[in-house]
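**Student:** Give me the fold of what follows.
(2 chains, ligands or ions: 2)
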Amino acid sequence: MNYDSQQEGPPFVAEIRELGQSYQLLANLVWYNIAARYRRTWVGIFWVMLYPLLMTAVLAVVFSGQYNPQVEHYIVYLLAGLIVWTVFSEASASSLYALSANANILNSIHVPPSIFVLSTVLSSLIVHSFEILPLLLIAAMDGIPVQLGWLLLPVPLILTAIFSFGIGLMLASFVIYFTDIVNIYQVVLRIGFFATPIFYNVATNDGRLGFILRLNPVTYYLESFRYVVYHGQLRLLHDLLPAILFAVLSVALGWLIFTRVKRDFAYRI
Amino acid sequence: MTSLIASRPGTAPNIVADTDDNLAVALTNVSVYYTTPVERVPTLKEHILRRIIGHRTQYREHWALRNVSLRVNRGEAIGIIGNNGAGKSTLLKVVARIITPRTGRVQVRGSMLPLLQLGAGFNNELTGRENIFLYGSILGESRAAMRARMKSIIDFSELGEYIDSPLRTYSSGMRIRLGFAIASSLEPDILLVDEVLAVGDMAFQQKCRVRINEFRQSGCTILFVSHAMATIREICTTGAWIDRGELRLHGPVDEVIQAYEQQQR
Ligand SMILES: Nc1ncnc2c1ncn2[C@@H]1O[C@H](COP(=O)(O)OP(=O)(O)O)[C@@H](O)[C@H]1O
Ligand SMILES: [Mg+2]
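**Tutor:** Ligands and ions are numbered 1, 2, ... in the order given. Presented below is the predicted three-dimensional model:
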């Protein structure tokens, strides 16, 4: 309750403490954000599910003809990849607006600004988690055995969200200074779509493309998620460990940058 | 507890000693400047291009507060006056921890309710009732606490059955009534008010003044920014006149208002 501007402590730590104290606000921001988005159209949430299905259908038609990815259950492969990619791209890209969309709050009440990035990422995670249902339905119809191991599916998805949170923190910080980050990031995501093994197979790609795919952190989240869908298991060394490592690294770096510049937010938005 | 006894207009307030015990808000040599780019909107592209041709983006420092020192005791109601752009809102933002001063020190003792903008964070798609929970949590209140006050908030807002309609169907007056009803249901030690009462109809403004007077009677410290001198006289015991970022005068409310009005002529 007491505040002294000279005894704030390092912002890196202070922000963690304040965010931890604001869990009720976080829950409300996430819940009401989702409720507000899908309230008016009850079918809204089905649209969310429909989008990757349609996208998958398009990709399947385009690629299964002339391009042989040498993957079993290619439809499942595509859909699983798209779901993870959508969580990452939507969560990170909407972080660009997390602060400006809440400028009126940030300009009139003291709240830890990171809460808006986190609530944005969590909303994306929760909404797109619903896509697991059609995915598993299709997987089962396509002959992948229904298995208890599917309960592990949230693990790679949550890791994706953590990784996206770190990227989101960096983006939210940069966009305060340079508004064209929005356009630049759009291009980055377009390129990223093709530099991520959404429709190609990492295992059969050596050479330059394979190298790029293995360098791309998002690859490991896709790989891990798919393996759970296919085999109901997590592979520690092959993809889980890199996924955890990139997630930790991204949040650490994002937090460092974000808390370093957070004093500037209220002066600039 | 020592507290300032409300004074009738025209009489000087009882000034209490500035002890460490009764401190509510203290600013010590606080300065704030905003930086605005002199040239166009800041983009990374331009920034890099400028760097390449060896030209850095120029920023202008715009000083909103200069070396302001101000102490507000517990239970004091201070009216902050000054021309547009003088720095009144910036001063409240510094106290509310919305901006960290560039130099100087800010101390605040006790829980604070900043009313700088009513209903910041309202969501148009949600009902009034849902917004009570949302806005409540933005102000730092739990769901349970808001649920307990739900009825009195709805009564105060006079929204009746509209409380379960989405906010996008509300008039601006209804939004403000709801915002004030929610915020004023809290029981802060320190209340910051920035011209929010200037909106809404006369009946509502009157109701707000009554509510703020109740806050003051319960011992709440109030920092009150307004252009309505009559309201300031009614609510406040002391006054502070901010002039182009500097604290020009601080003292009994009537003296400060008089000096300010004299200078206006
Ligand atoms: N976010 C901002 N960026 C740049 N300048 C600002 C910003 N906010 C306020 N200012 C400037 O600071 C000065 C003080 O503003 P303010 O505190 O809002 O004054 P008041 O509330 O007394 O009208 C004004 O000259 C205003 O233009
Ligand atoms: Mg103002």
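
**Student:** okay, now the closest residue to ligand 1 within the stretch 1-150 of chain A: neighbour count?
**Tutor:** Residue nearest to ligand 1 within the stretch 1-150 of chain A (C-beta to the nearest ligand atom): A:N107, separated by 8.0 Å. Glycine gets a C-beta too; all of them are placed from N, C-alpha and C. Look at A:N107: counted by other C-beta atoms under 10 Å in any protein chain shown, it has 18 neighbours.

**Student:** Is it in contact with B:L116, as I believe?
**Tutor:** Yes. A:N107 lies in contact with B:L116 (C-beta atoms under 8 Å); the separation is 7.4 Å.

**Student:** Need the residues touching each of these two.
**Tutor:** Taking C-beta atoms under 8 Å, 6 or more residues apart in numbering or on different chains as the contact rule, A:N107 and B:L116 both touch B:K93, B:I98.

**Student:** In chain B, what residue spans correspond to helices?
**Tutor:** In chain B, helices defined by DSSP state H lie at B:44-52, B:88-95, B:128-138, B:143-157, B:172-183, B:202-217, B:229-235, B:253-264, listed in chain order.

**Student:** Any chance of TSV for those helices, columns mean pLDDT and mean neighbour count?
**Tutor:** As requested, the helices of chain B are exported to TSV (pLDDT from 0 to 100; neighbours: other C-beta atoms under 10 Å in any protein chain shown):
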stretch	mean pLDDT	mean neighbour count
helix B:44-52	78	13
helix B:88-95	97	24
helix B:128-138	97	24
helix B:143-157	96	16
helix B:172-183	94	22
helix B:202-217	91	16
helix B:229-235	94	18
helix B:253-264	95	16
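
**Student:** I'd like those written out as CSV, with distance to ligand 1 added.
**Tutor:** Shown next, in CSV, are those (distance: least, C-beta to the nearest ligand atom, whole Å):
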stretch, distance to ligand 1
helix B:44-52, 19
helix B:88-95, 3
helix B:128-138, 20
helix B:143-157, 27
helix B:172-183, 19
helix B:202-217, 19
helix B:229-235, 14
helix B:253-264, 13
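
**Student:** could you dump these to JSON lines with distance to B:L27?
**Tutor:** Shown next, in JSON lines, are the helices of chain B (distance: least, C-beta to C-beta, whole Å):
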{"stretch": "helix B:44-52", "distance to B:L27": "35"}
{"stretch": "helix B:88-95", "distance to B:L27": "7"}
{"stretch": "helix B:128-138", "distance to B:L27": "25"}
{"stretch": "helix B:143-157", "distance to B:L27": "30"}
{"stretch": "helix B:172-183", "distance to B:L27": "23"}
{"stretch": "helix B:202-217", "distance to B:L27": "21"}
{"stretch": "helix B:229-235", "distance to B:L27": "19"}
{"stretch": "helix B:253-264", "distance to B:L27": "17"}
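
**Student:** how near is B:P101 to A:P112?
**Tutor:** Per C-beta to C-beta, to the nearest Å, B:P101 is found 19 Å from A:P112.

**Student:** show me what contacts the spatially most central residue of chain A?
**Tutor:** Closest to where the C-alpha atoms of chain A average out (C-alpha atoms, centre = their mean) is A:F88, at 2.7 Å. A:F88 makes contact with A:T160, A:F163, A:S164, A:I167, A:V218, A:Y221 under the criterion C-beta under 8 Å, 6+ apart.

**Student:** helix or strand for the residue nearest to the second one when sequence neighbours are not counted, which one?
**Tutor:** It stands for A:F163. Of all residues not flanking A:F163 in the chain, A:A247 sits nearest, at 4.4 Å (C-beta to C-beta, 6 or more residues apart in numbering or on different chains). Using DSSP states H and E, A:A247 maps to helix A:241-268.

**Student:** Give me the angle between that helix and helix B:88-95.
**Tutor:** Angle of helix A:241-268 versus helix B:88-95, following axes from the mean of the first three to the mean of the last three C-alpha atoms, to 10 degrees, is 140 degrees.

**Student:** Who are the packing partners of helix A:241-268?
**Tutor:** helix A:11-21, helix A:114-129, helix A:154-177, helix A:217-231 (3 or more C-beta pairs under 8 Å, 6 or more residues apart in numbering or on different chains; DSSP states H and E).

**Student:** Reformat those helices as CSV; add mean neighbour count.
**Tutor:** Converted to CSV, the helices and strands packed on helix A:241-268 look like this (neighbours: other C-beta atoms under 10 Å in any protein chain shown):
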stretch, mean neighbour count
helix A:11-21, 14
helix A:114-129, 23
helix A:154-177, 23
helix A:217-231, 24
